[in-house]
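Enquirer: Can you look at this prediction? I've put the sequence above it.
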Amino acid sequence: MWHNIWYALLGVLLAGYLVLDGITIGTGVIGRFLARTDADRHTVAAATGPFFLGNEVWLVAAAGITLGGFPGLESTVFSGMYPLIVLAVAALLLREAAMQFRRRVAPGRWRRGWEGAVQLACLVLAVTWGALGGAVLGALPVKDGHLPLTAGVLLRPVPLLSALTAVAVLALHGAVFLAVRTEGPVASRAKELSARLAPVAAGLGLLTAAAVALDTNSRDGVLNPVPAVLITVLALAALLLAPRLAARGGWAAWSVSGLAALAPVAVIGVAHFPQAVVSSVSGAQNISVAHAAADPSTLSVVGPVVLLVFPVLLAFQAMQWWAFRAKADERSPVYF
């Protein structure tokens, strides 16, 4: 029982990361297109600043759950996908440094350089998470608990299309966030951009879903196609609905785009369950959730502690969002 609870918690943390830090990634990708003056750049920085570090806590918690609760998953996926993991960590570090330094230098070449570094890091993160999700969705060449890394694992149509889809979806998510979180020219441009990005993101998502259906390797990884298809359809509908809600104002728009941002985690979870990793070698090589999890006695001891701490995390983040619910503009304080 505990391994299923921990697996669900891992999914919640990963989904929460994509929804919350997805706004930082998305605004980082599109921020330079929306901000045309120093006042606009100040507005964009002020919009995401209060939530920046808190959003990353979800990724740290998810990594901790994976390392402590699912050593079998860590030894397979983390070790097999280490180039993507290293690239993501490097992009996170670059983004951290660039976010800190960009507001601590005078306007000019250096500030533009750091802002460019933020955009590059966020673009790399979107591509990396998208490619990783597309690869893990399919059947992987796992044998005896090991995933040998080959170019064929990543350079398939589904991971490549998934990477492009992730960029478009997170850019849309960031645009919707700025549309409802800011005032003035940035909000107007964000609403226009979200309307343009919606069909692009939905089209890429549909193309990725079609590639999964046509690619034998990816299709073999989907053990439960019905719920996976239903979640995909809901995500595509959310992509098209979010800009319309953003035009009216209100946080409902961001919540809807967030559903599209977290959809990959939900799709992978329901598509594989009760397996954590599906092997393309043979069904006997699959790694189930129970097999990937730590010893049941360990989970039963640590599990209640984690479940007690998790509501505290939720309460703190809810308080943070409530405290900074006011819209940002050029007069708002900038934290990063």
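Expert: Structure's in. What do you need? Residues are numbered from 1 along each chain as shown.
Enquirer: hey, where'd the strands end up in the protein?
Expert: Per DSSP state E, the chain carries strands over the ranges 275-277, 287-288.
Enquirer: looking at the ones you listed, which is buried most?
Expert: Of all the strands of the chain, strand 275-277 has the most neighbours on average by mean count of other C-beta atoms under 10 Å, namely a mean of 23. C-betas here are computed from N, CA, C, even on glycine.
Enquirer: State the distance from Val12 to Pro227.
Expert: Note on Val12: its distance to Pro227, by C-beta to C-beta, to the nearest Å, is 17 Å.
Enquirer: Which one's more surrounded, those two?
Expert: Val12 (19 against 15; other C-beta atoms under 10 Å).
Enquirer: ok, Ala263 touching Val233?
Expert: No - with contacts counted by C-beta atoms under 8 Å, Ala263 stays clear of Val233, the gap being 9.9 Å.
Enquirer: rewinding a little: return the member of the strands of the chain having the minimum mean pLDDT.
Expert: Mean pLDDT is lowest for strand 287-288 among those, at a mean of 84.
Enquirer: Tell me the helices and strands packed up against it.
Expert: Strand 287-288 sits against strand 275-277, with contacts defined as 3 or more C-beta pairs under 8 Å, 6 or more residues apart in numbering; DSSP states H and E.
Enquirer: which residues touch the strand it packs on?
Expert: Strand 275-277 is contacted by residues 7, 70, 72-73, 76-77, 136, 140, 142, 147, 223, 286-289, 291-292 when judged by C-beta atoms under 8 Å, 6 or more residues apart in numbering.
Enquirer: now the strands of the chain in CSV, with distance to Gly26?
Expert: Listed next are these as CSV, based on distance: least, C-beta to C-beta, whole Å:
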stretch, distance to Gly26
strand 275-277, 28
strand 287-288, 32
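Enquirer: which residues touch Phe78?
Expert: Phe78 is in contact with 66, 85, counting by C-beta under 8 Å, 6+ apart.
Enquirer: And it, how far from Leu67?
Expert: Distance of Phe78 to Leu67, given as C-beta to C-beta: 8 Å.
Enquirer: Can you pull the residues that touch both of those two?
Expert: The contact sets of Phe78 and Leu67 do not overlap (C-beta under 8 Å, 6+ apart).
Enquirer: Leu147 reaches Glu74, doesn't it?
Expert: No - between Leu147 and Glu74 there is no contact under C-beta under 8 Å: 11.4 Å.
Enquirer: And these two? Which one has more around it.
Expert: Between Leu147 and Glu74, counted using other C-beta under 10 Å, the more crowded position is Leu147 (22 against 15).
Enquirer: Against Leu154, how distant is the closest residue in space to the more buried one that isn't next to it in sequence?
Expert: Excluding the flanking residues, the one nearest Leu147 by C-beta to C-beta, 6 or more residues apart in numbering is Gly80, at 2.8 Å. Relative to Leu154, Gly80 is positioned 10 Å away (C-beta to C-beta).
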